[in-house]
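**Q** After the sequence you'll find the predicted model.
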Amino acid sequence: NAGVMQNPRHLVRRRGQEARLRCSPMKGHSHVYWYRQLPEEGLKFMVYLQKENIIDESGMPKERFSAEFPKEGPSILRIQQVVRGDSAAYFCASSLSKTLEEKLFFGSGTQLSVL
Amino acid sequence: GNSVTQMEGPVTLSEEAFLTINCTYTATGYPSLFWYVQYPGEGLQLLLKATKADDKGSNKGFEATYRKETTSFHLEKGSVQVSDSAVYFCALKNNDMRFGAGTRLTVKP
């Protein structure tokens, strides 16, 4: 039973390009969370999705960022027109249910570098 | 609102030294408290948790006690090993999860 899979592990983009980060949750998990980890800072919640629905996007910037979790396929975090400040590690986590949120299984993250 | 404050790192210790990483929280009601660990190149893993006041969570020699009177959940280990080198995150769950900034621990042989 594979864990949470994120790809790519490393993503390099130039300013103005688009970044797409993928996350496949653990088998059977329908709750997905995205976090951003900036250098020297903690994990910041971005968005919580449940299959085909965005439940809570209070931590996601209003512009340029979007997330989806389609019925089939991985969850995607999309950043349009990237800027240097978007450089960070982006972690995805999944859980079996909201009530078991603390039993989060994390992926290894995607390190986004914006040149 | 809900928030977690943990001691700033980095923390550098020699093998077999005693470890304390402080964590305090602000929350309404009765949150559950957690410590997560992030080893190099990996995602976070749940290390231990406590769900009510005076509970002690423990795992792999690490312990933390839920202190409601001081709103604290300090992480301790009596004798650290090189393999404990990682970043440690304190977290709380009320309606949702909130993580602290993380404390990087380096243990030298």
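**A** Done, it's in. Numbers count the residues shown, from 1 in each chain, chains lettered A, B, ... in the order given.
**Q** what does the helix-or-strand element of chain B with minimal mean pLDDT contact?
**A** When each helix and strand of chain B is scored by mean pLDDT, DSSP states H and E, strand B:97-99 comes last, with a mean of 82. Contact with strand B:97-99 is made by A:33, A:35, A:42-45, A:101-102, A:104, B:2-4, B:36, B:89-92, as judged by C-beta atoms under 8 Å, 6 or more residues apart in numbering or on different chains. (Each C-beta comes from the backbone N, C-alpha and C, glycine too.)
**Q** at 7 Å instead, please
**A** With contact meaning C-beta atoms under 7 Å, 6 or more residues apart in numbering or on different chains, strand B:97-99 is reached by A:42-43, A:45, A:101-102, B:2-4, B:89, B:91-92.
**Q** same deal with stretch A:15-31?
**A** Contacts to stretch A:15-31, defined as C-beta under 7 Å, 6+ apart, come from residues A:1, A:3-7, A:11, A:13, A:32, A:50-51, A:74-84, A:90, A:92, A:94-98, A:105, A:107, A:110, A:112, A:114.
**Q** what about it, distance to the chain center?
**A** Taking C-alpha atoms, centre = their mean, to the nearest Å, one finds the center of stretch A:15-31 at 5 Å from the center of the full chain.
**Q** ok so, going back, adjacent strands (with direction) for the least confident helix or strand of chain B?
**A** strand B:86-93 (antiparallel) (DSSP bridges).
**Q** Just the mean pLDDT for the partner strand, thanks.
**A** Averaging pLDDT along strand B:86-93 gives 92.
**Q** What parts of chain B come near chain A?
**A** Residues of chain B lying close to chain A (C-beta under 7 Å from any C-beta of the partner chain) are B:32, B:34, B:41-44, B:46, B:49, B:89, B:93, B:97, B:99-102.
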